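In: next come a sequence and a model predicted from it.
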Amino acid sequence: MGEPPRRLDPTMDRASAAVVLRCEPRQVGPCVRCRGLTVRYGQQAQPICPACTCERSRGQGRAYDQ
């Protein structure tokens, strides 16, 4: 099995985050769960980042999410 997605620090430059997320810098915004960066805006929007989505699917949600 592959490595789980990494959480992108909210202080990361939007242009760099966009390269990692494969989107435009204007589409980058905060995850609603962890405040890490995700594709928050546009057609491919994901309000929950890939790292949180992976944790959630593995049943590793944070205490306040359960």
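Out: Perfect, I can see it now. In this text the structure is predicted, and so the values were computed from the model without any measurement. Numbering: from 1, shown residues only.
In: thought V32 was touching P47?
Out: Yes. Contact criterion C-beta atoms under 8 Å: V32 and P47 qualify, at 4.8 Å. C-beta: built from backbone N, CA, C; applies to glycine.
In: quick check: phi and psi at C31.
Out: Per-residue torsions, C31: phi -70, psi 140 (degrees, to the nearest 10).
In: what residues are up against it?
Out: By C-beta atoms under 8 Å, 6 or more residues apart in numbering, the contact list for C31 reads R7, L37, T38, R40, P47, I48, C49, A51, C52.
In: now those residues: which count as buried?
Out: Buried members of those, counted by 16 or more other C-beta atoms under 10 Å: R7, L37, T38, R40, I48, C49, A51, C52.
In: skip the chain neighbours and tell me the closest residue to the last one.
Out: Which is C52. R33 (4.5 Å; C-beta to C-beta, 6 or more residues apart in numbering).
In: same deal with P10?
Out: Excluding the flanking residues, the one nearest P10 by C-beta to C-beta, 6+ apart is R35, at 5.3 Å.
In: dump the residue contacts of the closest residue to R26 other than its chain neighbours.
Out: Leaving aside its sequence neighbours, R26 sits nearest to Y41 (C-beta to C-beta, 6+ apart; 7.0 Å). Applying C-beta under 8 Å, 6+ apart to Y41 gives the contacts R26, Q27, V28, G29.
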